[in-house]
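# with the input below, show me the fold.
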Amino acid sequence: MRHRLAIAQAIMEKPELLILDEPMTGLDKQGVTEMRTLFKNLNRQGVTIILFSHYSEDIDALCDTVCEMDAGKLIRIR
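Residues are numbered from 1 along each chain as shown. Next comes the predicted model:
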């Protein structure tokens, strides 16, 4: 519930940029599905989302540009 509340607070102001750090951590399967749908809809509305995650499923489902940190350097993967 804390994750959902924090995300709700973040999107209340209709931001142009949303920075998310491991937003799916601690969510059940339904919660993950709901958050992915929310993020996709926000992106379609023009919100730029920067997502930090260790979960490749989230990255594959949500990201069109993917970068990795390697030895302190940011490397574009796709």
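# most centrally placed residue in this structure?
Centrality entry for the chain: nearest residue to the mean C-alpha point is residue 51, 4.0 Å, by CA atoms, centre = their mean.
# number of nearby residues for the residue lying closest to it once chain neighbours are set aside?
Distance criterion CB to CB, 6 or more residues apart in numbering; nearest residue to residue 51, sequence neighbours excluded, is residue 20 at 5.0 Å. Just so you know, the C-beta spots here come from the backbone N, C-alpha and C atoms, and that holds for glycine as well. Number of residues near residue 20 (other CB atoms under 10 Å) recorded here: 19.
# could you tell me whether residue 20 really is in a strand?
Yes - counting by DSSP: H, G, I helix; E, B strand; the rest coil, residue 20 is located in a strand.
# give the contact list for the residue nearest to the centre of the chain.
Residue 51 makes contacts with 20, 23, 39, 58-59, 62-63, as judged by CB atoms under 8 Å, 6 or more residues apart in numbering.
# tell me if it really is in a strand.
Yes - judged by three-state DSSP, residue 51 forms part of a strand.
# before we move on, back to that, cross the contacts of residue 51 against strands and list the overlap.
residue 20 (DSSP state E).
# can you add pLDDT and give the contacts of residue 51 back as TSV?
Shown next, in TSV, are these (pLDDT from 0 to 100):
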residue	pLDDT
20	91
23	90
39	95
58	92
59	94
62	94
63	94
